[in-house]
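K.L.:
Here's my sequence, what's the structure:
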Amino acid sequence: MIPRLSLEHLDALVSAPPTVRPPLVDPRRLSIGIVHLGAGAFQRAHQALYTEEAIAISGETDWGILAVTGRSDRVLHDLGPQDGLYGILERRADDNRLSVVGAIRAVASPTTSSLQIARVIAKPTTRIITMTVTEKGYAGAAHGTVDLTLPTIEHDIRVILDELAGRSTDAPSRTAPGLLLRGLFHRFSTTALPITVLSCDNLGDNGAVTRRMLRSLISEAHDEAARRDLAGAADRVARFQEWIASSVRFPSTMVDRIVPATSREDREIAERLVGMRDDALVVAEPFRQWIIEDDFAGPRPAWEAVGVTMTTCVAPYERAKLRILNAVHSVLAYLGALRGYATIRDAVADPLLVSAVTRMVDADIIPTLVAPPGMELARYRDSVLKRFANPALAHTTQQIAMDGSQKIPQRLLETAVDRVRSGDIPRELAFGVAAWIVFIASTSDRDGPALRDPLAEELQRAIGSSASLRGDPRAAADRLVRNAAIFPETLRASAPFREAVAERIPDVMALRAEPSDSSWTASRERPQSKGEQGQ
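P.N.:
Modelled structure (predicted):
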């Protein structure tokens, strides 16, 4: 039987081929200094790799990572038996390279270990909390304020109130915001040492979003403590708020690497290279980038020594990435799925789709941007399309198309707001919104794909089937654009924008493959996995 990757078999990597890189440092020498919330494929292919490389350069072995799982405990079952070891299979057009990474020194699940995770956050040796919990993991804060009516948020507020009352509880925290708040409260109640919270999600000004999210939760906890007349609790919450304001830093970041779902073929390639089974394998493109606002509450790994850009202002980088790369990714996913393409690389091979997204970038996106230092925006656009065309990556259109209601506001709508406010009608961005609308309609068709979105039922009610959309595109566009949960007030109030979206719906429908086409059937029936990506 083939052995499984683990510390027991680590020494066997010395006889691996040159295309395999063993861990850069002995994992057994590392102690935990970072707690990561939302451990998944992207974190393993990005932040954890950068951190191991920084440890190897600096020799500072106190930056090991506690990886906390997200909505699924799959990572716990994949990484736990492997002692935190895993491979990154870097897929190139001409060859494959594999790096084994050992920066993750422990894995924990909030379902069973929330209190223990909070206590690790409280330890003096923990200096940084990193996060990749996706847009919807911020419980609404990504679009404004936390949705305090969510049952999971209400539960986590009750857990915090128990902590405030001095009743430490084993009850699990059910959201990333709740677990973060709980860990920070334990730190405040014990050492009260400064700490940095580093969001690495695809959100504009993600540091400020995280701070706003915590403030909303703390304010609710304060008000609920006052309503319950918990002795001294309201005063304690006030002191906790002051401590966060003075001792917790929230730098913004921009992250970039394509990390598609790991396939059976990927696992077989890695197994042949390493000679061991790796259930935690992740796949990535060669390119990676990390921009971090250098505003930390204390020490940090020497990330700048391994290619990370430390800056005083992340905004120009994140706006370019969100508005060009992420916008193009989403629109290609919708158009590609409608054309019957299973993967993004297939969509990029279609000149009609490349022409459509190029027009969108040139006409409506680049005019809203200020290029960050060293970046030429048209060249960046071309590099993005080249990366998407990597023949070794099978990033599925359905995977990228999921959760559109959570992604579209940052990727398309904020840009459209800027264009409308400048007196322009963003007809090419309206085309992108129309692509999303037609995709939603396709999911209500008899042979259409499933719609994976937290607002799926609401969206499908608003849009209807492809037949009803074709019959009255203006009514469907009007219903969707007036949805305050998704569209900003500027766009909801703009009749020219709503009209532009309606006018572009037939243009998108003209590109769509018929459900009887074999390509459409292949895309619809291809099984989708729950991989993650930094896009």
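K.L.:
Return the distance of residue 491 relative to residue 426.
P.N.:
Separation of residue 491 from residue 426 (Cβ to Cβ, to the nearest Å): 9 Å. Backbone N, C-alpha and C define where each C-beta goes, glycine included.
K.L.:
low-scoring stretches of this structure, by residue?
P.N.:
Where the chain drops to pLDDT under 70, the residues are 143-144, 231, 514-535.
K.L.:
Can you pull up the most central residue in it?
P.N.:
A centroid search over the chain (Cα atoms, centre = their mean) returns residue 134, at 3.7 Å, as the residue closest to the centre.
K.L.:
how about it, what does it touch?
P.N.:
Residue 134 is in contact with 38, 201, 403, 406, 532, counting by Cβ atoms under 8 Å, 6 or more residues apart in numbering.
K.L.:
What about those, which are in helices?
P.N.:
residue 406 (DSSP state H).
K.L.:
okay, the contacts of residue 134 in JSON lines with distance to residue 24 next?
P.N.:
Shown next, in JSON lines, are the contacts of residue 134 (distance: Cβ to Cβ, whole Å):
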{"residue": "38", "distance to residue 24": "24"}
{"residue": "201", "distance to residue 24": "26"}
{"residue": "403", "distance to residue 24": "34"}
{"residue": "406", "distance to residue 24": "35"}
{"residue": "532", "distance to residue 24": "24"}
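K.L.:
Give me the domain ranges for this structure.
P.N.:
7-310, 314-525 (automatic domain parsing).
K.L.:
Tabulate these (TSV), appending distance to residue 1.
P.N.:
Output for the domains of the chain, formatted as TSV (distance: least, Cβ to Cβ, whole Å):
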stretch	distance to residue 1
domain 7-310	9
domain 314-525	29
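K.L.:
CA atoms only for the longest helix along the chain - export them in CSV, please.
P.N.:
Longest helix in the chain by number of residues (criterion: DSSP H): helix 206-228. Taking Å, rounded to 0.1, in the frame of the first residue of the first chain, the C-alpha atoms of helix 206-228 are listed here in CSV:
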residue,chain,number,x,y,z
ASN,A,206,-10.9,44.3,3.5
GLY,A,207,-9.1,45.5,6.7
ALA,A,208,-11.8,48.2,7.2
VAL,A,209,-14.5,45.7,6.4
THR,A,210,-13.2,43.4,9.1
ARG,A,211,-13.0,46.2,11.7
ARG,A,212,-16.5,47.3,10.8
MET,A,213,-17.8,43.7,11.2
LEU,A,214,-16.3,43.4,14.7
ARG,A,215,-17.6,46.8,15.8
SER,A,216,-21.1,45.8,14.7
LEU,A,217,-21.0,42.5,16.7
ILE,A,218,-19.5,44.2,19.8
SER,A,219,-22.2,46.9,19.6
GLU,A,220,-24.9,44.3,19.5
ALA,A,221,-23.3,42.4,22.4
HIS,A,222,-23.2,45.7,24.4
ASP,A,223,-26.9,46.4,23.7
GLU,A,224,-28.0,42.9,24.5
ALA,A,225,-26.1,42.9,27.8
ALA,A,226,-27.8,46.1,28.7
ARG,A,227,-31.2,44.7,27.8
ARG,A,228,-30.5,41.6,29.9
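K.L.:
Run the chain-centre distance for that helix.
P.N.:
23 Å (Cα atoms, centre = their mean, to the nearest Å).
K.L.:
what's in contact with it?
P.N.:
Under Cβ under 8 Å, 6+ apart, the answer for helix 206-228 is 131, 138-139, 141-142, 145-146, 148, 153, 156-157, 160-161, 164, 177-178, 180-181, 184, 197-200, 203, 233-234, 237-238, 240-241, 244, 250-253, 293, 295, 318.
K.L.:
Cross those residues against helices and list the overlap.
P.N.:
Reading helices off the contacts of helix 206-228 with DSSP H, I get 153, 156-157, 160-161, 164, 177-178, 180-181, 184, 233-234, 237-238, 240-241, 244, 318.
K.L.:
Name the SS class of the nearest residue to residue 194 once chain neighbours are set aside, please.
P.N.:
Spatial nearest neighbour of residue 194, chain neighbours left out: residue 297 (3.7 Å); criterion: Cβ to Cβ, 6 or more residues apart in numbering. Secondary structure of residue 297, reduced to three states by DSSP: H, G, I helix; E, B strand; the rest coil: coil.
K.L.:
contacting residues around residue 297?
P.N.:
When contacts are counted by Cβ under 8 Å, 6+ apart, residue 297 touches 127, 194, 195, 196, 247, 248, 249.
K.L.:
run the last query once more with 10 Å
P.N.:
Residues near residue 297 by Cβ atoms under 10 Å, 6 or more residues apart in numbering: 127-128, 193-197, 246-251.
K.L.:
Check the contact lists of residue 491 and residue 426 and give me the overlap.
P.N.:
Common neighbours of residue 491 and residue 426 (Cβ under 10 Å, 6+ apart) are 412, 413, 416, 417, 419, 420, 433, 497, 501.
K.L.:
Going by distance to residue 258, which of these wins?
P.N.:
Distance to residue 258 across the shared contacts of residue 491 and residue 426 (Cβ to Cβ) is lowest for residue 412, with 19.5 Å.
K.L.:
Spatially nearest residue to the closest one, not counting backbone neighbours?
P.N.:
residue 432 (5.1 Å).
K.L.:
Report the buried members of the contacts of helix 206-228.
P.N.:
Buried by 16 or more other Cβ atoms under 10 Å: 131, 138-139, 141-142, 146, 148, 153, 156-157, 160-161, 164, 177-178, 180-181, 184, 197-200, 203, 233-234, 237, 240-241, 244, 250-253, 293, 295, 318, out of those.
K.L.:
Now the element after the helix or strand containing residue 43, going C-ward?
P.N.:
Secondary structure from DSSP states H and E places residue 43 in helix 41-45. Later in the chain than helix 41-45, the nearest helix or strand by DSSP H and E is helix 47-58.
K.L.:
Beyond that following helix, next helix or strand please.
P.N.:
Following helix 47-58 in sequence order, the next helix or strand is strand 64-69 (DSSP H and E).
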